[in-house]
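Student: What follows is a protein structure lacking sequence information:
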């Protein structure tokens, strides 16, 4: 028995504990230094930064859910998801700025939306020829046409319609670009996704704008808010409530859908073993389409909240890619394939970007970390992939031996 | 319901299938009668699994036709075939590891909408396999191989099938358990459900089946009553001896 | 067929083509006008980058998406080292410049002056300095390639692709931060980079030629085979002794080096270095070039590059202002084509029904829109014009999506353009005679000494096996082998001692053919005797399985893969 | 000294114990078969020996040198090569290229020499070709004619198995691990492969460890048989002894023990 080595035991370093306790401790020490020793910032500043981080993190979480759902089910890093988010943001912008629309456009748009409604109804009823599905589609068409051609829209209505529109876009992307590649090498799929991303980006440049777009749907939610705490005044806006709450509602709805409904169970089953799910009678293609629908809808919601949060939309080529890739990083950090992981990763990334840069402000010769803000996500992504590809709560989905 | 007692439950007529340009099955003729247990034997890469997938509609028939319960079935989707009474116990069990045992069973009844009936059938399966009953809320992946095999069979029964297709039920199981599994298969079969078993373990399969087919490179080379096959010289030479 | 002749012929042909290309380029530079000149130079520069990317993406099978980062590094280093004094003064006098006197002083000219090589600091020797700067740029990029290559030791597939993308973006994003701005001059970049090299067809094509030479030689070498083994099956490659880490990092480093060179030429071509010259679209273009031309085929990649460059340079009609009805006609035609294409695809892949409702609807909508736009161009809704900036990129994206769906391996697939290929010397195609012989060989029963052709003879298995088959000896049996043993190899060097099988192997018949397939290194074996005759039994006992050829055989592969996955899953469970 | 010596090797995946305190030796020039039901840990054992997995406990030695902690390519360098149960050939490369690749490790020619085709590179390449052809010639001329330049994906199943074995031989290893060498082969081809394996040992001087399901093949060529069940060694010894061992009958051969022993005796 002398030869028995305990190599596994030697490697059992409690990284979880070290990082989980060490990093907050370091942050605490840094805050203490800045507040009490250097006296450069007050506690309210950090509270504000934390609230902002929560806002941003919620947005990343919404986008990250789309990545994680699609990856979970077809093992595709949907490179185009950031662009879907971008389309969602711009769609909502057009909905609340341009409505009511001229009749032809209203009809065209409501046809698209009605098709989305029939798709959803079809998922429920199982057949396109079901009278309920057809009736629902018809009613939706008329209702949407009426609304779009006659009245303006507030941000919430715009958000819901933008979600539906973008959801349809997600389904179309899957149908046109990804579905022909089922069973193809994953790399081919990834290249296609990159191409779709590029396509949407440049189409966005043509159809939308090449400039910064102000995003002001005229809601009181964007008003400033300030409140005094013991250590000073926190400056923020009402969005600090809105964004996390909307996110929480959507995430809760998604979780309920996935765990409680038949289709949600089919989705989980397909993610675990698509072929067997098919053998149980699950129409896997339809389940995948549903995944794209839901993921894109969440991304669109994220787009609306993003617009509210920043008050403007960047040009299409920039708007999609950076939040997109950051949200992907969030999904990986949390553990790709896991819904709670996406939320955790999103919030964590939000904190990293907003809170950690607040910890290292520009002082004297030191330029601060703000200019590296955008690289954090990439750096963290690389580190996580190298050290723990399964993320915080996920299981290992990397290729098997 | 077409219980007009057709002579055949499932019939393959000169079925040929392709993976892309590559022909996998070639002019396969096969019949399963109601209440019968049929086994399909063959070595590695002989097309056994493909036959099963073809019957289930996961692989498309490129030539020939397939009739299930008197209806032309080769243009139906997998879901439609399951609705019409097929169920499968896949190779290696393939239960959903991160769903609970109950959810796994419910996936077997995916195409049914009657909640009450599903609950009854869960009870029925639990009756049949008491060990599953003890673990209804446990995750599927935490069960042993034998329990998973039971779960997979229970899952197949959940759709109230007329025909159960089984892919290598003995694979990876201890010999004692293999016998037990085949006893269970026999029990299921005795209830009037037709069973189609794809097996490499020819001796066990033939000892309880009614009839058997032997597949080689995508073609049926031998067929007949199980007892005959078991003692067929050519069969022994070509197949049994190699196992 | 003697072994030497095709090689000499190929060399002559290649030299001839090089000469013709050179003459054409000289003509293009002189007469063809600036546009043609620029297009060709761009083709060469992007060709270098695409080829280098293909070493990683195609040959090694690692999807790398950070190539624009390597080009950025090579480009900036080259630009900084070669920047003329006038440009430096302009930067230092600008208030917004982030550069320091030290970084502004970095130049090849300064280095030469410090080394006392005054002769190389004259205006006439700018080309030497440019070459040095280019090399340094390539080497710096290579160092970064090594760094980026390290994650490839732990990651695979799409995760690795994302990490390389992340590296590319990090390089670009940090280049403008205060840490690196003294070197890159922040968002301003440099202007006034000498452009006579990047626009010179001589320079660009010479470097393209060198790149092509190095990369193809590498591909058809032992190292290249190791890289391709990694692409085919990483686990098997490792199990066959290929050191994954070393080879992947090597591929990344070589690839980054040439990307750096391309970057240097690219800034010279643009006569400026700015961060927005090195966006992800560069990598995307090269990805299109590789996918269109054929992953793993360098000559194919050049074809793909030509397509991309053509679209980029001559695609401006796509982006001009057109009346709305033209756009509607275009959209209608595309939708119609999508519908018809979908039906065609369903037919090709044996999907039923061919006329799926979706294809019908698409085709109908497209037809209606097209018809209205063509028949009623003056209809009120068609009033107005529209300009679509970015149509070229959209076109390339659509091209890539289509290629991935229809022919993911690209036009050339893995084949290389070669003279043998062009002149239809298909080495892998067996002749009828060879097929017959192969069938005969594949039947052990016929093949046994004393060759009783009893197909059912497997019956008395035990005895037959231990006697007849046991003494079965290919060497003495096969006519070609007699009296012509394999040359005694260097087995004793590190192999398992003297190898008795040396005497029994038969001499291969077409060793020489391998030489003609692109490897001049191996043709020393000289000529050989007349082709062997086919044994009499040949026709009588073909083994259907082997003679059946590709179809029957490939079948096994498919199933194999399928089983593979299942087993893998099982192993994990 | 033993060629291969496996000492108390354990490996578990999650909760599943794939091998448990496994110990055995393989002497130089032996042919040893490992048998056992599916999931008994045979392929895991191969993966442990070849460095794909690291054992949780225990040691594996080749001629006295520990292999634990080495990567698969280093294990090949040490002298053990393997084939795969499911064939892992480089399918888009030609037969010849497949057999050239395993020799790459032994020829330390820098890449730039390969690019410039220097004399030493050409010499290395020549040697590699010769040895590749030798390895292929072991299987008779069938892989040596036009097949040499055919991509592997057009080969028949049996020819692929042969190519894979040739590829393993070309590594220059002393010991070969064959994972179900006769899987997917018809009886005729199985018989031929049996002879090939024997010749590999007798003429090639290889030590061979193989996993097999076909008992007649095992009985015919094995010097020794090791039986695994649930990751444990339940029997070891000569074929005749092992197949009549009650534990083996129970765990593996089951009802078919009669058939199997008959064939073994034949």
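Tutor: Everything's here; your move. Remember, predicted model here, so these are calculated numbers, not experimental data. Residues are numbered from 1 along each chain as shown, chains lettered A, B, ... in the order given.
Student: who touches residue C:341 in this structure?
Tutor: Contact analysis of residue C:341 by CB atoms under 8 Å, 6 or more residues apart in numbering or on different chains lists nothing. C-beta coordinates here come from the backbone N, C-alpha and C atoms, glycine included.
Student: Share the number of residues neighbouring residue D:43, please.
Tutor: 22 (other CB atoms under 10 Å in any protein chain shown).
Student: which outside residues touch whatever helix or strand it lives in?
Tutor: Using DSSP states H and E, residue D:43 maps to helix D:42-49. The contact list for helix D:42-49 (CB under 8 Å, 6+ apart) reads A:401, C:571, D:4, D:6, D:9, D:11, D:18-19, D:22, D:34-36, D:53-55, D:60, D:67, D:75, D:80, D:82, D:85, D:177, D:179, D:209, D:211, D:228, D:231.
Student: if you set the cut-off to 7 Å instead, what comes out?
Tutor: For helix D:42-49, contacts defined as CB atoms under 7 Å, 6 or more residues apart in numbering or on different chains pick out C:571, D:9, D:11, D:18-19, D:22, D:34, D:36, D:53, D:55, D:60, D:67, D:80, D:82, D:85, D:177, D:179, D:211, D:228.
Student: Check stretch C:373-381 too.
Tutor: Taking CB under 7 Å, 6+ apart as the rule, stretch C:373-381 contacts A:104, C:325, C:328, C:329, C:332.
Student: ends of that stretch, how far apart?
Tutor: 10 Å (CA to CA, to the nearest Å).
Student: buried subset of the contacts of helix D:42-49?
Tutor: Buried members of those, counted by 16 or more other CB atoms under 10 Å in any protein chain shown: D:9, D:11, D:18-19, D:22, D:34, D:36, D:53, D:55, D:60, D:67, D:80, D:82, D:85, D:177, D:179, D:211, D:228.
Student: before we move on, the earlier item: helix or strand right after the helix holding residue D:43?
Tutor: strand D:57-62.
Student: The next helix or strand after that following strand vs chain A: in contact?
Tutor: As assigned by DSSP H and E, the chain's next helix or strand after strand D:57-62 is strand D:65-66. No - Strand D:65-66 is not in contact with chain A by CB under 7 Å from any CB of the partner chain; minimum separation 8.9 Å.
Student: Give me the residues contacting strand D:65-66.
Tutor: Counting by CB under 7 Å, 6+ apart, D:59, D:60, D:78 sit against strand D:65-66.
Student: residue ranges of the helices in the stretch 151-300 of chain A, please?
Tutor: A:155-173, A:186-207, A:239-260, A:262-272, A:274-279, A:284-310 (DSSP state H, counting those that start in this stretch).
Student: hey, which of those is tucked in deepest?
Tutor: helix A:284-310 (a mean of 26; mean count of other CB atoms under 10 Å in any protein chain shown).
Student: elements contacting it?
Tutor: Counting contacts by 3 or more CB pairs under 7 Å, 6 or more residues apart in numbering or on different chains; DSSP states H and E, helix A:284-310 packs against helix A:43-74, helix A:81-98, helix A:155-173, helix A:239-260, helix A:262-272, helix A:274-279.
Student: Can you tell me how far residue A:77 is from chain C?
Tutor: 5 Å (CB to the nearest CB, to the nearest Å).
Student: Tell me who's in contact with the residue nearest to that residue when sequence neighbours are not counted.
Tutor: Leaving aside its chain neighbours, residue A:77 sits nearest to residue C:158 (5.1 Å; criterion: CB to CB, 6 or more residues apart in numbering or on different chains). Taking CB under 7 Å, 6+ apart, we find residue C:158 in contact with A:77, A:186, A:187, A:190.
Student: Need those in TSV (columns: distance to residue B:10 and pLDDT).
Tutor: Written out in TSV, the entries for those read as follows (distance: CB to CB, whole Å; pLDDT from 0 to 100):
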residue	distance to residue B:10	pLDDT
A:77	42	90
A:186	36	83
A:187	40	85
A:190	41	91
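Student: Show me the two of those residues that sit farthest apart.
Tutor: Farthest pair in the contacts of residue C:158 (CB to CB) is A:77 and A:187. Separation: 10.6 Å.
Student: Now do the helices in the stretch 151-300 of chain C.
Tutor: Going by DSSP H, counting those that start in this stretch, the stretch 151-300 of chain C shows helices at C:157-175, C:181-184, C:201-219, C:222-232, C:234-239, C:244-270, C:280-293, C:298-314.
Student: Check the stretch 51-200 of chain D too.
Tutor: Counting by DSSP H, counting those that start in this stretch, the helices of the stretch 51-200 of chain D are D:72-78, D:95-100, D:111-116, D:119-137, D:157-170, D:187-202.
Student: Turn these into JSON lines, columns for distance to residue A:363, mean pLDDT and mean neighbour count.
Tutor: Shown next, in JSON lines, are these (distance: least, CB to CB, whole Å; pLDDT from 0 to 100; neighbours: other CB atoms under 10 Å in any protein chain shown):
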{"stretch": "helix D:72-78", "distance to residue A:363": "51", "mean pLDDT": "92", "mean neighbour count": "21"}
{"stretch": "helix D:95-100", "distance to residue A:363": "61", "mean pLDDT": "94", "mean neighbour count": "26"}
{"stretch": "helix D:111-116", "distance to residue A:363": "49", "mean pLDDT": "88", "mean neighbour count": "19"}
{"stretch": "helix D:119-137", "distance to residue A:363": "58", "mean pLDDT": "91", "mean neighbour count": "22"}
{"stretch": "helix D:157-170", "distance to residue A:363": "63", "mean pLDDT": "89", "mean neighbour count": "25"}
{"stretch": "helix D:187-202", "distance to residue A:363": "73", "mean pLDDT": "86", "mean neighbour count": "21"}
